[in-house]
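Asker: How does the following fold in three dimensions:
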Amino acid sequence: MATLGNFIWFVFCGGMISALSWIIGGALMAVTVIGLPFAYAAFRIARFAAFPFGKELVDARMLGETRIPGTTLANALWFFLAGIWLAIAHVMSAIGCIVACFAILPIFLGAPAWALAHLRLASVSLAPLGKRVVSRD
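Answerer: Predicted coordinates:
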């Protein structure tokens, strides 16, 4: 079921656009040495944005990894410079999925799942450093 959800998400519900946006943003951040940690996080999130079903984004400490010093400061900087705007964009996309579900295709009620995927992306876009993508299994 996750495979079907991922396919529909990637092709029709913004997965490809979200992933490409995160990849482009990561490439722009990778130009500077200071932006490398943010670029690495953006590439990780791009992989999650492309195929979010069956996966979870968790804090690295939950997996037994140690947190790099300065991650909290870097996440705070990210939040104010980019995170809030990315979160707003994903929330607006989630609202679009819900509206499309009930206004355009009322028979196709799977859209709330894709809206939830956008909301999960919105939450991680607020503070992406220190997150890891893991399988739900």
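
Asker: Leaving out chain neighbours, which residue sits closest to F48?
Answerer: For F48, ignoring the flanking residues on the chain, the nearest one in space by C-beta to C-beta, 6 or more residues apart in numbering is V133 at 4.9 Å. C-beta: built from backbone N, CA, C; applies to glycine.

Asker: could you measure the one you found against R120, distance?
Answerer: For V133, the distance to R120 (C-beta to C-beta, to the nearest Å) stands at 11 Å.

Asker: the more surrounded of those two?
Answerer: Using other C-beta atoms under 10 Å, the more surrounded residue of V133 and R120 is R120, with 18 against 15.

Asker: Helix or strand: which one has the residue sitting nearest the centre point of the chain?
Answerer: Centroid check for the chain by C-alpha atoms, centre = their mean gives L121 as the closest residue, at 3.2 Å. Assigned by DSSP states H and E, L121 belongs to helix 111-126.

Asker: thinking again about what came up before, touching, the residue nearest to F48 and R47? I think so.
Answerer: Yes: V133 lies in contact with R47 (C-beta atoms under 8 Å); the separation is 6.3 Å.
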